[in-house]
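Student: model this:
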Amino acid sequence: MNNLLLKNADLYAPEHKGVVDVLVLNGKVAAVGPKLDVKLPELEVIDLEGALAAPGIVDHHNHFGGAGGEGGFNFRTPPAQLSTFVKAGITTAVGLLGTDGISRSLVELLAKARALDIEGLSTWIYTGAYQLPGPTITGKVGSDIAWIDKVIGCKMALSDHRSSHPAAETIRALVSEVRVSAMLAGKKGVVCVHMGSEPTGLDPLRAAIKDSEVPPTHFMPTHVTRNRTLLDDTIAWIKEGGLGDITAHDDTWECVAHVVESGADLSHVCFSSDGNGSMPKFDEKKNLIGMGVGDPASILAAIGDCLRHEVVSAENAFAFASTNPAFWLGLPGKGKVEKNYDADIMVLNPDFTLRSLVARGRVMMRDGQVLVKGTFE
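Tutor: Numbers count the residues shown, from 1 in each chain. Model prediction:
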């Protein structure tokens, strides 16, 4: 790992810092400021010539261990390769299971997370899957969170024809277990909630914490732009103190414009990709009629769309995919280009495509060329 000096970066940290230099030592940001005078042996210097720089993307919903299966065993998506993250500007990823909590293994997911760590990313995972009760590694959700460093919470599905349609009491018991075990382990404790399109929307979450002191921010509802009714319900949920995660897509900028217009707290909004996950298409009777695969690059594309259409400030656009998820999930050292944070930095071209990427101080891509690839690539 080389020490690194990035010069003349127009930095969004995500707060706009103007044109500054960023010094990276031992994988961490050591200093940020204009015209840093640094003389160190074996210091790699890269002049960014005023190019835009921002925190590396924190993709907190990525099926990097493989997903899918709704159409049969041939629809199981394979594990992701490192270069798919590098090309997408992703320096941190949180892995999880989806519909298939039967043939998919959390142990395999954990092993893949550790492999990606070795190759250069930073990773965490969720225990569980769509159904409640879901699969675990140790036999209990709470034990997974308390004893396994990489487990930060639990996955479940809600208001979806593939969910187990849990009662409010079941959800309350789950979030309570997540909260207490996370407190014991010094973690935030998050329940990632896959949201479907059933009319119940987020009401089961409201019912689960009604008359309790459990903060709504223990839930991270995702896919909340599935339809306008769900998006409006999510805006109401955010105004009640909750969070909302937008799965990046072609229409994300329009959804963000709607959220901005509503006056909802933008620090409670996150982007994720659903990368490498299956994207089944169902008809009105819920028969499978098609299949796609989630694209990790969708987050950076959505940021670019938001900036081109000027629906939100650059500070907020970058925070949606870095600072916000890192804070609400409690990922240490992530989400900012700031002293003592991990040196996760992406450099963008004028059209907001990726030019270079630094992950934990290591240059993974430079001038459009991927320098670090996975073990089997």
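Student: next one: phi and psi at the residue most central in space within the chain?
Tutor: In the chain, the residue lying closest to the centroid (C-alpha atoms, centre = their mean) is His60, at 2.1 Å. Dihedral pair for His60: phi -90, psi 20, per degrees, to the nearest 10.
Student: from memory it sits against Val94, does it?
Tutor: Yes - with contact defined as C-beta atoms under 8 Å, His60 reaches Val94; the gap is 4.2 Å. C-betas here are computed from N, CA, C, even on glycine.
Student: intersection of neighbour lists for these two?
Tutor: Leu329 (C-beta atoms under 8 Å, 6 or more residues apart in numbering).
Student: Contacts only, for the nearest residue to Gly290 once chain neighbours are set aside.
Tutor: Counting by C-beta to C-beta, 6 or more residues apart in numbering, the nearest residue to Gly290 once its immediate chain neighbours are dropped is Lys281, at 3.7 Å. Taking C-beta under 8 Å, 6+ apart as the criterion, Lys281 is in contact with Leu288, Ile289, Gly290, Met291, Gly292.
Student: What of Ser181?
Tutor: Counting by C-beta under 8 Å, 6+ apart, Ser181 touches Val141, Gly142, Ser143, Ile145, Ala146, Gly189.
Student: List just the nearest of those residues to Val22.
Tutor: Comparing the contacts of Ser181 against Val22 with C-beta to C-beta places Gly189 closest, at 32.2 Å.
Student: thinking that closest one is in contact with Leu174, fair?
Tutor: No - using C-beta under 8 Å, Gly189 is not in contact with Leu174, being 10.8 Å away.
Student: what about the strands in the stretch 51-200 of the chain?
Tutor: 52-55, 57-62, 90-95, 122-128, 151-158, 190-195 (DSSP state E, counting those that start in this stretch).
Student: Give me the residues contacting the fourth one.
Tutor: Outside strand 122-128, the residues that touch it by C-beta under 8 Å, 6+ apart are 64, 91-97, 101, 106, 109-110, 113-114, 116-117, 134-137, 141, 144-145, 148, 150-156, 190, 192, 329, 331, 334, 342, 344, 359-360.
Student: pLDDT weak spots in the protein?
Tutor: 1, 278 (pLDDT under 70).
Student: Show me the longest helix that occurs in it.
Tutor: helix 168-185 (DSSP state H).
Student: now that helix, how far from the chain's geometric center?
Tutor: On the basis of C-alpha atoms, centre = their mean, to the nearest Å, helix 168-185 sits 21 Å off its chain's mean C-alpha point.
Student: And for stretch 263-279?
Tutor: Relative to its chain's centre, stretch 263-279 lies at 7 Å (C-alpha atoms, centre = their mean).
Student: What is the end-to-end distance of that stretch?
Tutor: Distance between the two ends of stretch 263-279: 31 Å, counting by C-alpha to C-alpha, to the nearest Å.
Student: Stretch 285-296 now?
Tutor: Using C-alpha to C-alpha, first and last residues of stretch 285-296 are 29 Å apart.
Student: Surely Val45 is in a helix?
Tutor: No - membership of Val45 in a helix is not supported by DSSP: H, G, I helix; E, B strand; the rest coil, which gives strand.
Student: okay, now it: neighbour count?
Tutor: Using other C-beta atoms under 10 Å, Val45 has 11 neighbouring residues.
Student: sorry, back to before: mind listing what the residue nearest to the centre of the chain touches?
Tutor: Thr92, Ala93, Val94, Cys192, Met220, Asp245, Cys270, Ser272, Pro325, Leu329.
Student: what's the answer for Glu338, then?
Tutor: Ala13, Val29, Val32.
Student: how about 10 Å then?
Tutor: Ala13, Pro14, Glu15, Lys17, Val22, Val29, Val32, Pro55, Thr323 (C-beta atoms under 10 Å, 6 or more residues apart in numbering).
Student: And the helices in the stretch 1-150 of the chain?
Tutor: 82-87, 106-119, 141-147 (DSSP state H, counting those that start in this stretch).
Student: Now render those helices as a markdown table, adding mean neighbour count.
Tutor: Output for these, formatted as a markdown table (neighbours: other C-beta atoms under 10 Å):
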| stretch | mean neighbour count |
| --- | --- |
| helix 82-87 | 22 |
| helix 106-119 | 18 |
| helix 141-147 | 22 |
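Student: Can you lay out the ones you listed as JSON lines showing distance to Ala257?
Tutor: Below are the helices of the stretch 1-150 of the chain laid out as JSON lines (distance: least, C-beta to C-beta, whole Å):
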{"stretch": "helix 82-87", "distance to Ala257": "27"}
{"stretch": "helix 106-119", "distance to Ala257": "34"}
{"stretch": "helix 141-147", "distance to Ala257": "36"}
